[in-house]
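Enquirer: Need coordinates for the below:
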Amino acid sequence: MGRRLTPKGEGEMKGKGNDGRGDNQDRDLWQTEQGFWDLLNAQYAFRFDCCASEQNKKTQQFSGNFESVHSVNMGWMNPPFSKAMAMFKHFFNVVKSGVAIYRFDNPETKIWQEVIFPNASWVFIPSGRVSYTPFDITIRGGLTRFPSALIGLNVEPPKSIKGFVLTAQRIGDNL
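Expert: Numbers count the residues shown, from 1 in each chain. All right, here's what the predicted structure looks like:
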């Protein structure tokens, strides 16, 4: 039987960009870097920011209480980490078309296996790391420790961003 490794405690990881659990409220206010978002918006013309405030909204129409929204056309979502599961479930229920962004470091987790993969039209893994603001970290050039993925619903994958597209047809649908 193999040795069981104990992960580092949250205290040891503090300040390193990926502080333990994925539902860390300290990262709820991270915003997608404006230049990256502008590339996406040029293609998709987003009409609604699903998880935003007046201070960090990316579109004129937005919601700070997305769970109360009942229908969205061409939505954008960068969910708060502490509520990502609930936000993605709601995204796939009320958004007719749109794109979301989320960390892609643990695709074996429930959120990916039970919510995102079965419902997404595609998952796009950008080359390199996506920057977030106002994320201030002095190591790794200010980049996060984890990769990001774009999740599409009833839209074409990004055309102006380098990366790889995963679809049920390309990787095999095992549901």
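
Enquirer: right, and residue 48 touches residue 58 too?
Expert: No - applying CB atoms under 8 Å, one finds residue 48 not in contact with residue 58, separated by 9.5 Å. In short, each C-beta sits where N, CA and C put it, glycine included.

Enquirer: quick one, which of these two is more surrounded?
Expert: Neighbour totals were compared for residue 48 and residue 58, and residue 48 leads with 23 against 20 (other CB atoms under 10 Å).

Enquirer: Flag the shaky bits of the protein, pLDDT-wise.
Expert: The model of the chain has pLDDT under 70 over residues 1-30, 132-144, 170-175.

Enquirer: quick one: contacts for the most centrally placed residue in the chain?
Expert: Centroid-nearest residue in the chain, with CA atoms, centre = their mean: residue 102, separated by 1.7 Å. By CB atoms under 8 Å, 6 or more residues apart in numbering, the contact list for residue 102 reads 78, 79, 84, 88, 111, 116, 148, 149, 151.

Enquirer: what about the strands in this protein?
Expert: For the chain, the strands defined by DSSP state E occupy 31-32, 48-49, 61-62, 75-77, 98-103, 122-126, 132-133, 148-153, 163-166.

Enquirer: Quick check: which of the ones you listed is buried the most?
Expert: Most buried of those, by mean neighbour count (mean count of other CB atoms under 10 Å): strand 75-77, with a mean of 27.

Enquirer: what helices or strands is that one leaning on?
Expert: Applying 3 or more CB pairs under 8 Å, 6 or more residues apart in numbering; DSSP states H and E, we find strand 75-77 packed against helix 34-44, strand 48-49, helix 84-94, strand 98-103.

Enquirer: got those as a markdown table, with distance to residue 159 columns?
Expert: Converted to a markdown table, those look like this (distance: least, CB to CB, whole Å):
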| stretch | distance to residue 159 |
| --- | --- |
| helix 34-44 | 6 |
| strand 48-49 | 21 |
| helix 84-94 | 22 |
| strand 98-103 | 12 |
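
Enquirer: out of these, nearest to residue 161?
Expert: Residue 161 sits nearest to helix 34-44 of all these, at 5.9 Å, using CB to CB.

Enquirer: Give me the common contacts of residue 48 and residue 58.
Expert: Listed contacts common to residue 48 and residue 58 are residue 76; contacts here mean CB under 8 Å, 6+ apart.

Enquirer: Fine by me, we can end here.
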